[in-house]
Structure formats: structure tokens, C-alpha cells
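Visitor: Provided below are the primary sequence and the corresponding predicted coordinates.
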Amino acid sequence: MTLPASVTVRIPAKVNAQLAVGGLRPDGFHDLANVFLAVGLYDEVTVTPADDLRITASGPDAAEIPLDGTNLAARAAVALAARHGIEPAVHLHIAKDIPVAGGMAGGSADGAGALLACDALWGLHTPQAELLDICAELGSDVPFNLIGGAALGRGRGELLTPLDVRGPFHWVFAVADGGLSTPAVYRECDRLREASGTGATTADIADPEPAPALLEALASGDPAALAAALSNDLQPAALSLRPALADTLRAGTGAGALAALVSGSGPTCAFLAATPEEAEKIAEAVLASGTCRTTRVTTSPAPGATILPA
Ligand SMILES: C[C@@](CO)(OP(=O)(O)O)[C@H](O)COP(=O)(O)OP(=O)(O)OC[C@H]1O[C@@H](n2ccc(N)nc2=O)[C@H](O)[C@@H]1O
Ligand SMILES: Nc1ncnc2c1ncn2[C@@H]1O[C@H](COP(=O)(O)OP(=O)(O)O)[C@@H](O)[C@H]1O
């Protein structure tokens, strides 16, 4: 069997079309109804045999990601190698295009990408179900980056059911200066719930459920229906930690977005547009408003982790 000299995998970012957050569990996670939608912003992970584990990154925001054993791509390579009793002797290169710490699952994408790339480089043929188990150990969002498309994530987000989705839906993303810490946003969500008197644990909060109207909108491909059904329970917490995001959301709505919401834990803001032309117009207006660092225009759904031709 000849093994490839190197493997490159392309992995999409995500937006949460619905993020329904249940109570805080004893293990520190929250039960979710997390409707993931993969969007066409991608990182690429390239793996090449090396003497030992080494990691490099390129792209405008490459300096913001750790290049040690804490990088999710490195953790993925180590986890896969350990499972097969081999050494993770590999050079991982991340070409970073997904906003860092932006609520778009960029780190998770690199974890899923490194896993698939190492599996191919090492000729392991690990079954998909086992790859998904390793993904879930790496992080709650990582399994979705592997499969892409649209999916409902239950549990802490790692238990996936693929969803019917048509498209393309047209999106604008407003990338903020600086990220938000995901655990800090969940903590702020709990704090706001406690402060409002509802309590924050699984005993106080109803089990989160996907909204039927949202699932119908995804399957229909109708952007107006999708706009009416988008929701994010972490948005009040992200706005509480970063009040200026309200200005970004307003800029998009003012420019004609069908809907404006924070992507996951933020601070990236997502705007749904009726057409590609509207998306370009919204992106220009949001950038001109001075309320974000940059804007990106793209579509959904997008495919999951994909090995690129050599
Ligand atoms: C909020 C979401 C929405 O998709 O993503 P981002 O918007 O940050 O990308 C996810 O729930 C983030 O998933 P991920 O970034 O993989 O989180 P993990 O590494 O599993 O967990 C990091 C921390 O987030 C909190 N966490 C995460 C998932 C969950 N269901 N409940 C939680 O409370 C916990 O404090 C946990 O220690
Ligand atoms: N490959 C990676 N790319 C980006 N961030 C990473 C990576 N590996 C680990 N991290 C860490 O994960 C944190 C969250 O990053 P990211 O996944 O981009 O954001 P989010 O969880 O908001 O979607 C970063 O601040 C960084 O310290």
C-alpha cells in the first residue's frame, strides 16, 4: 500500500441557526438544541510526515492561535495516533481563514480537519462513527465540522442528526476586533438567568427543543422563513459582555438584512440576505458603519471536511 506524501483537508465554518441553551449540568456543560449550518468560509489543514509533532499556521490571523499541544489540530493528531498505538509524527499546517474566537468554530474545524487528514496520511481507514467519537472528545462542536451541511446537535452539541437543507442562503458575517471566550459567554448566560430569578440549572430550565418552523425553513430554502425562525439564547450574554455588538446588528438591519444575530458565542455577527446583491450591499454598509473589523460574504449550506485532490 502506498501512502500519500501529504494530505490537505478543507473544513467549513458554522453559524448556529438556532442555539437553544438548557440548564447548567453538573459536568459544567449545558444541554443544547443546536441547529448547526455549515457556511462557505474554510480553513485548510495539510499534514506531512515529520520526525515529531510540529504545527505551523498562515493567514492574517495566524498569530492568534496557539502553536503548541493545546491547538485542536495537534490534539486531534495525538488522539488518533494514541487510538491506533502509533506516534503522531506529523507536521500540521493550518491555512487559517475562519475568524479566530469568533463563534464560527474555527478551532473545531482544524480539529476535525487534522483528524481526517491524519487518518488518510497514515492509511488508517478509521470508520466515520469512530472519527465522530474522537471529535466529540475534542470538543462539543467538532463532530459537526466533520459532517457539515446542516444538523441538529443535542446533548452538549455533539450528538448529531443531519437535517434537510436547501439553499443557497446568502450570509454576511461582521468580524469583530478581538474574540469572546466561549466558557465566559456560557457563564454570563447563567449569571443573567440567575439575576432574572429563573435559575440556571437543569432543574430550573426546560429541556431545549428545535423549533419546527426553523427546520421547515431550512428544508424549504426560503430565506424569509429562515430569517423569522433564527434564534440564539447566547445572544443576550454576548451583548452583555460586548454591548457594542448591538451597533453592528443595527447596522446590518438598517442596510436591509432579513435577520441579524450573533453567531454562536460571538462576537461575529451574522446577517441573512435575500439575494447575493443584497448581501454585497449589506457587507459594504456594515463595514462603512465602522462597527466591525471586516466583513465576509458567503453562502450555506457547505460540505463537511473534504480531502482535496493532491
Ligand atoms: C457556543 C458554541 C455553539 O455552537 O460554539 P461557538 O459559538 O463558541 O463556536 C458551542 O456550544 C461551543 O462548543 P465548543 O467550542 O466545542 O465547546 P467545548 O470545547 O466543548 O467547551 C468549552 C466550554 O464551553 C462551555 N460549554 C460548551 C458546550 C456546551 N454545550 N455547554 C457549555 O457550557 C463549557 O464551559 C465548556 O467547558
Ligand atoms: N486550531 C485552532 N484555531 C483557532 N483557535 C484555536 C485552535 N486551537 C485552539 N484554539 C483556541 O480556541 C479558542 C477558540 O477559538 P475558535 O474555535 O476560533 O473560536 P470559537 O470557539 O468562538 O468558535 C481560541 O482562542 C484559541 O485559543
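Guide: Yep, that arrived. Ligands and ions are numbered 1, 2, ... in the order given.

Visitor: so which bits of whichever strand or helix holds A251 are buried?
Guide: Following DSSP states H and E, one finds A251 within helix 245-254. Neighbour-count burial for helix 245-254 flags 245, 248-249, 251-252 (criterion: 16 or more other C-beta atoms under 10 Å). C-beta here means a position set from N, CA and C on the backbone, and glycine is covered the same way.

Visitor: now stretch 53-62
Guide: 53, 55, 57, 59, 61.

Visitor: contacting residues around the closest residue to ligand 2 within the stretch 151-300 of the chain?
Guide: Here the residue of the stretch 151-300 of the chain nearest ligand 2 is T182; by C-beta to the nearest ligand atom that distance is 4.6 Å. T182 makes contacts with 103, 264-265, as judged by C-beta atoms under 8 Å, 6 or more residues apart in numbering.

Visitor: tell me which of these is nearest to A203?
Guide: A203 has its nearest neighbour among the contacts of T182 in S265, at 23.8 Å by C-beta to C-beta.

Visitor: and that closest one, how many neighbours?
Guide: Residues lying near S265 (other C-beta atoms under 10 Å) number 29.

Visitor: correct me, but it touches R187?
Guide: No - between S265 and R187 there is no contact under C-beta atoms under 8 Å: 10.7 Å.

Visitor: near ligand 2, which residues of the chain? Just list them.
Guide: 65-66, 70-73, 94, 100-108, 110, 179, 182, 265 (C-beta under 6 Å from any ligand atom).

Visitor: do that again at 8 Å, thanks
Guide: Proximity of the chain to ligand 2 (C-beta under 8 Å from any ligand atom) is limited to residues 43, 57, 64-66, 70-75, 94, 96, 98-111, 141, 179-182, 264-266.

Visitor: of those, which belong to helices?
Guide: Counting by DSSP state H, the part of these found in helices is 72-75, 106-111, 182.

Visitor: poorly predicted segments of the stretch 1-150 of the chain, please.
Guide: 1 (pLDDT under 70).

Visitor: how about the residues of it near ligand 1?
Guide: Residues of the stretch 1-150 of the chain lying near ligand 1 (C-beta under 8 Å from any ligand atom): 14, 16, 19, 21, 24-25, 28-32, 34, 36, 102-108, 138-142, 144.

Visitor: next one: phi and psi at the residue nearest to D61 when sequence neighbours are not counted?
Guide: Closest residue to D61 apart from its sequence neighbours, by C-beta to C-beta, 6 or more residues apart in numbering: V100 at 4.9 Å. Main-chain torsions, V100, degrees, to the nearest 10: phi -90, psi 140.

Visitor: quick one: contacts for V100?
Guide: By C-beta under 8 Å, 6+ apart, V100 lies in contact with 61, 64-65, 106-107, 179.

Visitor: out of the residues you listed, which end up buried?
Guide: For those, buried by 16+ other C-beta under 10 Å: 61, 65, 106-107, 179.

Visitor: so what's the residue count around T295?
Guide: Neighbours of T295 using other C-beta under 10 Å come to 22.

Visitor: over to G178?
Guide: Neighbours around G178, by other C-beta under 10 Å: 11.

Visitor: leaving out chain neighbours, which residue sits closest to S289?
Guide: A251 is the one closest to S289 (C-beta to C-beta, 6+ apart), at 3.8 Å.

Visitor: contacts only, for that neighbour.
Guide: Contacts of A251 (C-beta under 8 Å, 6+ apart): 174, 285-286, 289, 291.

Visitor: could you pull out the helices for the stretch 101-250 of the chain?
Guide: Secondary structure of the stretch 101-250 of the chain by DSSP state H, counting those that start in this stretch: the helices cover 106-121, 128-138, 142-147, 182-195, 212-220, 223-229, 235-241, 245-254.

Visitor: how about the closest residue to ligand 1 within the stretch 201-310 of the chain, phi and psi?
Guide: The stretch 201-310 of the chain approaches ligand 1 most closely through G264 (2.0 Å), counting by C-beta to the nearest ligand atom. G264 adopts backbone torsions of phi 50, psi -130, taken as degrees, to the nearest 10.

Visitor: shouldn't it be in contact with Q18?
Guide: No - using C-beta under 8 Å, G264 is not in contact with Q18, being 11.1 Å away.

Visitor: shared neighbours of those two, anything?
Guide: N232.

Visitor: if anything else comes up later, I'll come back, but that's it for now.
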